[in-house]
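Visitor: sequence-free structure coming up:
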């Protein structure tokens, strides 16, 4: 495994690989503090790609005022151990000045899909995500890029960007990985106190209740489902709901009843103390 810090060096190594090999290039973009969820993305890339590229870059453009850019967890030594064990060939770790050497005057904005959920509560967040992912795609030029569905809105936004801009990369969504007790794996889980960690289990429990509700009522009402989920989350005294919404997927459009909907997403964002956690479940209603 090789660690690379400059764009020029990374491009050179990938060009060298493509000259000598017919295999595809798989790419896993991350902000580091890697956990088993990230490792699963790398293993998926390893199984499908000749060259596996991992990026570790905490992107300042996607953090708003008062958010946790400075305190976002970082552990480079452990990240590299996880990356190597999971099969990464190249690890791209640029500095902020390498990615943004001058003030950014060009950004990428995906409309519609970014107006709800995290896009509503974190204005400008997805512009920062789309911009940095677009830059990384142009730098790496991967054949496939692997993203976790824990942030399903991000996956939908990236897929829309790739489609609209005719970018030659296949987006491969990968399942959310969970701890044994059901909590979705996240770099931010480290911020939770013991009691917050315990109460955060209401998120996966609420999603399980939602799946049971949908299975028992094929023609359900979206408002009823949202109410069920919110009421369960409210049983945790420390939980402060940012959003709990039921939307069509992947369009992320609201609907009243499920009669003509093929797939839905129940998406959650809930704060426990200073830690904001997201989770979701995507349910296919009709094939």
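Guide: Nice, I can see it. Not measured: the values here are computed from a predicted model. Numbering: from 1, shown residues only.
Visitor: what about the stretch 151-287 of the chain, any weak spots by pLDDT?
Guide: Applying pLDDT under 70 to the stretch 151-287 of the chain flags residues 287.
Visitor: Kindly recompute the last result at 80.
Guide: Residue ranges of the stretch 151-287 of the chain with pLDDT under 80: 218, 258-259, 286-287.
Visitor: quick one, helices of it?
Guide: For the stretch 151-287 of the chain, helices defined by DSSP state H, counting those that start in this stretch occupy the ranges 152-164, 194-199, 202-216, 222-233.
Visitor: Identify each buried residue in the second one, please.
Guide: Right, the one you point to is helix 194-199. Buried positions in helix 194-199, judged by neighbour count with 16 or more other CB atoms under 10 Å: 196-197, 199. Backbone N, C-alpha and C define where each C-beta goes, glycine included.
Visitor: Redo these as a markdown table? Include distance to residue 167.
Guide: Formatted as a markdown table, the buried residues of helix 194-199 follow (distance: CB to CB, whole Å):
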| residue | distance to residue 167 |
| --- | --- |
| 196 | 39 |
| 197 | 39 |
| 199 | 41 |
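Visitor: Tell me how many other residues crowd residue 286.
Guide: Residue 286 sits with 9 neighbouring residues when counted by other CB atoms under 10 Å.
Visitor: Please work out which of the helices of the stretch 151-287 of the chain is packed deepest.
Guide: Ranked by mean neighbour count, the helices of the stretch 151-287 of the chain are led by helix 152-164 with a mean of 21 (mean count of other CB atoms under 10 Å).
Visitor: returning to what we had before: include distance to residue 186 when you put the helices of the stretch 151-287 of the chain into TSV, please.
Guide: Putting the helices of the stretch 151-287 of the chain into TSV (distance: least, CB to CB, whole Å) gives the following:
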stretch	distance to residue 186
helix 152-164	13
helix 194-199	11
helix 202-216	11
helix 222-233	17
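Visitor: between these, which gets nearest to residue 115?
Guide: Counting by CB to CB, residue 115 lies closest to helix 152-164 out of the helices of the stretch 151-287 of the chain; the figure is 10.6 Å.
Visitor: residues making contact with the closest one?
Guide: 108, 110, 113-114, 116-119, 126, 129-130, 133-134, 137, 145, 147-149, 167, 169, 171, 173, 249-250, 252, 265, 267, 280, 282 (CB atoms under 8 Å, 6 or more residues apart in numbering).
Visitor: can you rerun that using 6 Å?
Guide: Helix 152-164 is contacted from outside by 110, 113, 117-118, 126, 130, 133, 147, 149, 169, 171, 173, 250, 265, 280, using CB atoms under 6 Å, 6 or more residues apart in numbering.
Visitor: Go ahead and build a ChimeraX selection from the buried members of these.
Guide: Buried subset of the contacts of helix 152-164, written as a ChimeraX selection, criterion 16+ other CB under 10 Å:
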select :110,113,117,118,126,130,133,147,149,169,171,250,265,280
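Visitor: Which one of the contacts of helix 152-164 is nearest to residue 231?
Guide: Nearest to residue 231 among the contacts of helix 152-164: residue 280, at 18.1 Å, using CB to CB.
Visitor: what about the nearest residue to that closest one once chain neighbours are set aside, how many neighbours?
Guide: Of all residues not flanking residue 280 in the chain, residue 267 sits nearest, at 4.3 Å (CB to CB, 6 or more residues apart in numbering). A total of 24 residues lie near residue 267 under the criterion other CB under 10 Å.
Visitor: May I have the beta-bridge partners of residue 267?
Guide: Taking DSSP bridges as the rule, residue 267 bridges to residue 245, residue 280.
Visitor: So it sits against residue 117, correct?
Guide: Yes: at 5.3 Å, residue 267 counts as touching residue 117 under the criterion of CB atoms under 6 Å.
Visitor: What distance do you get for the nearest residue to residue 243 once chain neighbours are set aside to residue 21?
Guide: Ranked by CB to CB, 6+ apart and with sequence neighbours excluded, the top spatial neighbour of residue 243 is residue 269, at 5.1 Å. As judged by CB to CB, to the nearest Å, residue 269 and residue 21 stand 42 Å apart.
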